[in-house]
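A.B. asks: build me a structure from this.
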Amino acid sequence: MLSAVVSSARERGEEAVVVTFWPHPRTVLQQDAREFRILTSLEEKKALLLAAGIDRVEVIPFTREFAAMKADEYLQLLADKYGASLVVMGYDNRIGSDKLTAEEIGISQAVAPRPLPTSLRSVGPLPFTWPRAAMVSEDSNAPVISSTKIRKALQEGRVEEANGMLGYRYGLYGVVVAGNQMGRTMGFPTANMQLYEPLKLVPANGVYAVEAEVLGTTYKGMCNIGMRPTVGGASRTIETHILDFDQDIYGLPLRIRFLRRIRDERIFPSLEALREQLTLDALNCKK
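C.D. replies: Okay, here's the model as predicted:
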């Protein structure tokens, strides 16, 4: 869809614009709002869109009042407020509270952008064509990619599979906060992360090989997500041991990107047994 927007804008000498919503509509409209987790924060979404060649990102505050807007009202808003001359839809998009498709609205369904007759320029939402983006899969034999499938893969710790569907390495971004210093006493100091976006989906508990970006440099690392049962942890934490790194980074931003899940989180009979496993984990992460 983004490629279609960018190429169409270049052909027409216009801006490639994405109009998106925040907060995520499911957090406003659906009953599972408390349990729902997002794949990208607003800032991450903007960065990904701009990296894909989009010229401008516009954000509409998503409210129940906005959600009640009909399809023709929304299309008129795009034309009046954002100067839209071409709208690109996904293969299964429906818009407005009436959930209409392009055919139901009566808009021409063009495979490629084409000029519209002058007589249509003033007829509400009609100055739009719809070069529909097709379903996307990783290859011809793979199932169609969806955010639901990506969330499920992450929730089950299958980060490599999730990365393949996303097209980039899934990551978390937060500030380093003080922990209980237990890792340091065992020779594996960790950066305890507090997420900037609390609704960001955190992968399943376990130990992961990660990239850790801090102080402008990217390092290898291993991240433990979970309850730390061996040391009597009482809450879920995200702790990253940055390999070949020894600096005080409390209060600084840290970004991690997931490469592979190394193992499940489990209880060890002693701290010495845990230390031995951490040594093995570090070797596996380096590999």
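A.B. asks: use CA for all of it now, contacts and neighbours both
C.D. replies: OK.
A.B. asks: poorly predicted segments of the stretch 101-250 of the chain, please.
C.D. replies: Along the stretch 101-250 of the chain, the parts satisfying pLDDT under 70 run over 102-103, 105-135, 137-140, 142.
A.B. asks: how about stretch 82-92: buried residues?
C.D. replies: 84-89 (16 or more other C-alpha atoms under 10 Å).
A.B. asks: can I get those in CSV including secondary structure and distance to Arg56?
C.D. replies: Below are the buried residues of stretch 82-92 laid out as CSV (DSSP: H, G, I helix; E, B strand; the rest coil; distance: C-alpha to C-alpha, whole Å):
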residue, secondary structure, distance to Arg56
Ala84, coil, 12
Ser85, coil, 15
Leu86, coil, 15
Val87, coil, 15
Val88, coil, 15
Met89, coil, 18
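A.B. asks: turn those into TSV, including distance to Arg10.
C.D. replies: Converted to TSV, these look like this (distance: C-alpha to C-alpha, whole Å):
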residue	distance to Arg10
Ala84	14
Ser85	13
Leu86	12
Val87	14
Val88	14
Met89	18
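A.B. asks: what residues sit buried inside the helix or strand hosting Leu75?
C.D. replies: Using DSSP states H and E, Leu75 sits within helix 71-82. For helix 71-82, the neighbour count (16+ other C-alpha under 10 Å) marks 71-72, 74-79 as buried.
A.B. asks: any idea which of the residues you listed is closest to Arg228?
C.D. replies: Tyr74 (48.6 Å; C-alpha to C-alpha).
A.B. asks: how many other residues sit next to the residue nearest to the closest one when sequence neighbours are not counted?
C.D. replies: Take Tyr74 and drop its neighbours on the chain: the residue closest to it by C-alpha to C-alpha, 6 or more residues apart in numbering is Gly96, 6.5 Å away. Gly96 has 17 neighbours, counted by other C-alpha atoms under 10 Å.
A.B. asks: so which residues of the stretch 151-287 of the chain form strands?
C.D. replies: Using DSSP state E, counting those that start in this stretch, the strands of the stretch 151-287 of the chain run over residues 171-177, 191-195, 206-214, 217-226, 237-242, 253-263.
A.B. asks: mind putting those into JSON lines with mean neighbour count and distance to Leu42?
C.D. replies: Converted to JSON lines, the strands of the stretch 151-287 of the chain look like this (neighbours: other C-alpha atoms under 10 Å; distance: least, C-alpha to C-alpha, whole Å):
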{"stretch": "strand 171-177", "mean neighbour count": "20", "distance to Leu42": "12"}
{"stretch": "strand 191-195", "mean neighbour count": "22", "distance to Leu42": "13"}
{"stretch": "strand 206-214", "mean neighbour count": "23", "distance to Leu42": "19"}
{"stretch": "strand 217-226", "mean neighbour count": "20", "distance to Leu42": "23"}
{"stretch": "strand 237-242", "mean neighbour count": "23", "distance to Leu42": "21"}
{"stretch": "strand 253-263", "mean neighbour count": "20", "distance to Leu42": "15"}
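A.B. asks: as TSV, those strands with distance to Ala51 would be great.
C.D. replies: TSV is the format used below for the strands of the stretch 151-287 of the chain (distance: least, C-alpha to C-alpha, whole Å):
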stretch	distance to Ala51
strand 171-177	16
strand 191-195	23
strand 206-214	19
strand 217-226	19
strand 237-242	27
strand 253-263	17
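A.B. asks: closest to Gly13 out of those strands?
C.D. replies: strand 171-177 (34.9 Å).
A.B. asks: how far does that closest one sit from the chain's center?
C.D. replies: 15 Å (C-alpha atoms, centre = their mean, to the nearest Å).
A.B. asks: same check on stretch 255-269?
C.D. replies: Its chain's average C-alpha position is 20 Å from that of stretch 255-269, according to C-alpha atoms, centre = their mean.
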